[in-house]
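[1] Provided below are the primary sequence and the corresponding predicted coordinates.
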Amino acid sequence: MHHVEEMIGTSPAMCVVFDLVHKVAKTDMPVLITGETGTGKELIARAIHEQSLREQGPFVPINCGAIPETLLESELFGHEQGAFTGAVQRKKGRLEGAARGTLLLDEVGDLLSSLQVKLLRFLQEGTFERVGGQETLHVEARIIGATNVDLKAAIEKKRFREDLYYRLGVLQIHLPPLRERGEDTLLMAMRFLRYAADSNRRAIWGYTSEALQAIRTYHWPGNVRELNNRVRRAVIMAEGREITPHDLGLTRETTQEGGDPLDSLKVAQRRIEVEMIVKAISLHRGNLTRVARDLDVSRTTLYRKLREYNLQSLVPPVHHPVPSAFPIETLS
Ligand SMILES: Nc1ncnc2c1ncn2[C@@H]1O[C@H](COP(=O)(O)OP(=O)(O)OP(=O)(O)O)[C@@H](O)[C@H]1O
Ligand SMILES: [Mg+2]
């Protein structure tokens, strides 16, 4: 599985991210991924792993915020028999499990300071001991950290070690919130809808204009995860063939009134074109002849735009054969 290919995004902000993923994947250095909740940090960590030379090795995620502090050290570094009550036998930690692969420390900002020291040592020397163990172990694992809190602020509050930050954060990838990804939001909304409609066997074609407007202007605090959840719920709830703002649980109060912030003309043009195309495809259920007619462009222009904005995937090639001048391969 190649997660980067599954990751949806053609906005300039996400192109920067994909480019960084490509670059850092080739090294063995630690990476720090930052971004609000639901922006795809875990997906990006997997993508880095899968594009790296460690691709054949394990990818081991551990959520430092979700495991009780008393268990985390042993979960991470393992323990020896009798290290503590209940340690009836030796156990390897996730770090050892990630040998020749990648260890993702999710919510790394939640690590206790004693574990921060242990992690720092591992990053510097590649060595550690199991809980209750004397033996110094070496493991060859790449560390990726992810956080949705501002580690710089945590350093100020003495909750996060500065030396660890500088070790871990040499290479950083920041995932922009969904509201800064322009047309990616609509693209995802369409893709998630297709998927949810197919897997629930519901004949839902698209969104009403009001719904598209709501999707575009809502501020998406839960980012991609929230979008996906709202679309999936809407597919179940919808009574018509098109999803309404009500189905999405997006009311007038939750979406912004008063138009869009100022964009460059180029960005605005792109946004409007994408929106019009998505709307028309949704309305005509992928029938490109009608889409082109409605938008008053030639099919050639429409195809060019579809490629330019990476919208080909919205058009089901099976139902709507493309003209011979545009072989399917160039569209997928
Ligand atoms: N670009 C994307 N394209 C498609 N799906 C995405 C994309 N980004 C995120 N997702 C999906 O959104 C959900 C949230 O992603 P993920 O778990 O990676 O976020 P996260 O940043 O780790 O969130 P949290 O901070 O809450 O742990 C997942 O279901 C993921 O598959
Ligand atoms: Mg996560």
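    Nice, thanks for sending it over. Ligands and ions are numbered 1, 2, ... in the order given.

[2] can we go C-alpha only for contacts and neighbour counts from here?
    Will do.

[3] Give me the secondary structure label for the nearest residue to R161 once chain neighbours are set aside.
    Among residues not flanking R161 along the chain, I155 sits closest, at 6.0 Å (CA to CA, 6 or more residues apart in numbering). Secondary structure for I155, judged by DSSP: H, G, I helix; E, B strand; the rest coil, is helix.

[4] Same question for I144.
    strand.

[5] That one contacts T34, correct?
    No - in this structure, I144 is not within contact of T34 by CA atoms under 8 Å, at 10.8 Å.

[6] Tell me which of the two has more neighbours.
    I144 (26 against 23; other CA atoms under 10 Å).

[7] and that one, what does it touch?
    I144 sits next to 30-33, 45, 102-105, 168 when contact means CA atoms under 8 Å, 6 or more residues apart in numbering.

[8] Distance of it relative to A13?
    21 Å (CA to CA, to the nearest Å).

[9] How about E183?
    11 Å.

[10] More neighbours: which of these two?
    When E183 and A13 are compared on other CA under 10 Å, the one with more neighbours turns out to be E183, at 25 against 18.

[11] Give me the nearest residue to the more buried one, chain neighbours excluded.
    Nearest residue to E183 in three dimensions, chain neighbours excluded: R271, at 5.9 Å (CA to CA, 6+ apart).

[12] Confirm the one you found sits in a helix?
    Yes - under three-state DSSP, R271 falls within a helix.

[13] How many residues are close by R252?
    Around R252 there are 12 residues (other CA under 10 Å).

[14] Tally up the residues packed near the residue nearest to R161, please.
    Neighbours of I155 using other CA under 10 Å come to 16.

[15] Give me the distance between it and R271.
    39 Å.

[16] same thing with L187?
    According to CA to CA, L187 and R271 sit 11 Å apart.

[17] so what's the residue nearest in space to the middle of the chain scoring on pLDDT?
    In the chain, the C-alpha closest to the average C-alpha coordinate belongs to G40, at a distance of 2.1 Å (CA atoms, centre = their mean). pLDDT, G40: 96.

[18] That one touches L175, doesn't it?
    Yes - using CA under 8 Å, G40 is in contact with L175, at 7.4 Å.

[19] Can you give me the neighbour number for the closest residue to ligand 1 within the stretch 151-300 of the chain?
    Closest approach of the stretch 151-300 of the chain to ligand 1 (CA to the nearest ligand atom) occurs at R225, with a separation of 4.1 Å. For R225, the neighbour count with other CA under 10 Å is 15.

[20] what does the stretch 51-200 of the chain have sitting close to ligand 1?
    Within reach of ligand 1 by CA under 6 Å from any ligand atom, the stretch 51-200 of the chain has these residues: N148.

[21] still on that earlier bit, looking at L187 and R271, which is more packed in?
    Remark: of L187 and R271, L187 carries more neighbours, 22 against 19, as counted by other CA under 10 Å.

[22] surely T251 meets P245?
    Yes - using CA under 8 Å, T251 is in contact with P245, at 6.3 Å.

[23] Counting neighbours, go ahead and name the busier of those two.
    The neighbour count for T251 versus P245, taken as other CA under 10 Å, is higher for P245 (20 against 15).

[24] which residues touch that one?
    Taking CA under 8 Å, 6+ apart as the test, what P245 contacts is 208, 210-211, 214, 251.

[25] Could you single out the nearest of those to T70?
    Within the contacts of P245, distances to T70 taken as CA to CA reach their minimum at T251, with 43.8 Å.

[26] Ramachandran coordinates for the closest one?
    Here is the backbone geometry of T251 (degrees, to the nearest 10): phi -100, psi 180.

[27] Next up, the contacts around it.
    214, 245.

[28] nearest residue to the residue of the chain most remote from its centre other than its sequence neighbours?
    What lies farthest from the middle of the chain is G82; by CA atoms, centre = their mean that is 40.7 Å. Leaving aside its sequence neighbours, G82 sits nearest to V88 (CA to CA, 6+ apart; 5.9 Å).

[29] try R232
    Once flanking residues are discounted, R232 sits nearest to A196: 5.7 Å by CA to CA, 6+ apart.

[30] Please identify the buried residues of the strand or helix carrying the one you found?
    In this structure, A196 sits in helix 184-199 according to DSSP states H and E. Buried residues in helix 184-199, counted by 16 or more other CA atoms under 10 Å: 184-194, 196-197.
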